[in-house]
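Visitor: got a sequence here, can you build the structure:
(one chain, ligands or ions: 1)
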Amino acid sequence: MNILVIESSPHKHGSSNLLADSFIRGAEETGHTVTVFDAGHAIIRPCLGCEVCDMSGPCCQKDDMETVRGLLLQADMAVFVTPLYYFGVSAQLKAVIDRFYSFTGKLSAKKLKTALIVTAWDANDWTMSAVSAYYETLCRYMHFKNQGMILGTGCGTVPMTKSTEFLRLAYELGKKISG
Ligand SMILES: Cc1cc2nc3c(=O)[nH]c(=O)nc-3n(C[C@H](O)[C@H](O)[C@H](O)COP(=O)(O)O)c2cc1C
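Guide: Numbering: from 1, shown residues only. Okay, here's the model as predicted:
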């Protein structure tokens with residue numbers, strides 16, 4: 001399978017990308033081909049809501065979203081990777097998702113497999129409630145087939161993350177992805 005991992009942290013070597021690396025190791029060991037797109041360091045402007053695309057493209061904004069669009073439409077699975085920012089996904093990842101608007105029909109018709117990897121500082125039982133509900137709702141609307149969520153609580157820094165079980169869980173999720 002072709003798996004697209006969309007990272008979205010400003011920290012290239014931070015906690016969320018560390019978990020993404022574990023997932024990728026597991027997925028590659030299982031024989032999958034993984035492509036990483038780093039939205040955290042790409043130019044992806046917010047959706048203008050201009051309606052020029054009429055939800056079926058092309059988008060009037062020419063930026064790195066054109067690359068993501070091409071990669072997503074070729075992928076069998078997408079993994080959304082984000083630090084938790086005020087109980088939601090990062091603005092960088094939200095911009096990517098909002099820009100699905102110009103190809104919503106094409107993307108939802110794929111019934112893409114997806115997964116979510118999030119890291120947060122806190123470890124309350126409600127820390128991940130909003131982001132997981134958002135992701136599950138997105139999957140429902142977009143006909144994504146959720147393959148799993150790694151909700152990395154207590155992963156505020158790389159050393160914190162290394163001391164948790166989430167590295168192993170992300171690796172195991174990568175290992176268990178099947179075509
Ligand atoms: C703008 C901002 C908002 C944050 N919001 C939350 C939050 O709502 N809950 C939480 O537990 N941690 C929050 N954090 C901490 C990060 O989610 C956490 O440190 C994360 O692991 C960083 O991942 P990264 O190294 O991949 O960027 C926030 C950090 C920043 C910079």
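Visitor: can I take it that Leu116 is in a strand?
Guide: Yes - counting by DSSP: H, G, I helix; E, B strand; the rest coil, Leu116 is located in a strand.
Visitor: ramachandran angles for the closest residue to the ligand within the chain?
Guide: Nearest to the ligand in the chain, going by C-beta to the nearest ligand atom, is Gly14, at a distance of 2.3 Å. Placement of C-beta: from N, CA and C, glycine included. For Gly14, the backbone dihedrals (degrees, to the nearest 10) come out as phi -90, psi -170.
Visitor: likewise Cys47?
Guide: Backbone torsions of Cys47, given as degrees, to the nearest 10, read phi -60, psi 140.
Visitor: in what helix or strand does the closest residue to it other than its chain neighbours lie?
Guide: Leaving out its chain neighbours, the residue that sits closest to Cys47 by C-beta to C-beta, 6 or more residues apart in numbering is Asp98, at 4.1 Å. Using DSSP states H and E, Asp98 sits within helix 91-98.
Visitor: need the per-residue pLDDT for the residue lying farthest from the centre of the chain.
Guide: For the chain, the largest distance from the centre (C-alpha atoms, centre = their mean) belongs to Val52, which lies 26.0 Å off. Val52 carries a pLDDT value of 96.
Visitor: confirm that it sits in a helix.
Guide: No - assigned with three-state DSSP, Val52 falls outside any helix and is coil.
Visitor: and the nearest residue to it once chain neighbours are set aside, how far from Pro159?
Guide: Excluding the flanking residues, the one nearest Val52 by C-beta to C-beta, 6+ apart is Cys60, at 4.7 Å. Distance, Cys60 to Pro159, using C-beta to C-beta, to the nearest Å: 44 Å.
Visitor: out of these two, which sits in the more crowded spot?
Guide: The neighbour count for Cys60 versus Pro159, taken as other C-beta atoms under 10 Å, is higher for Cys60 (11 against 8).
Visitor: so that one touches Cys53, yeah?
Guide: Yes - counting by C-beta atoms under 8 Å, Cys53 is a contact partner of Cys60 at 7.2 Å.
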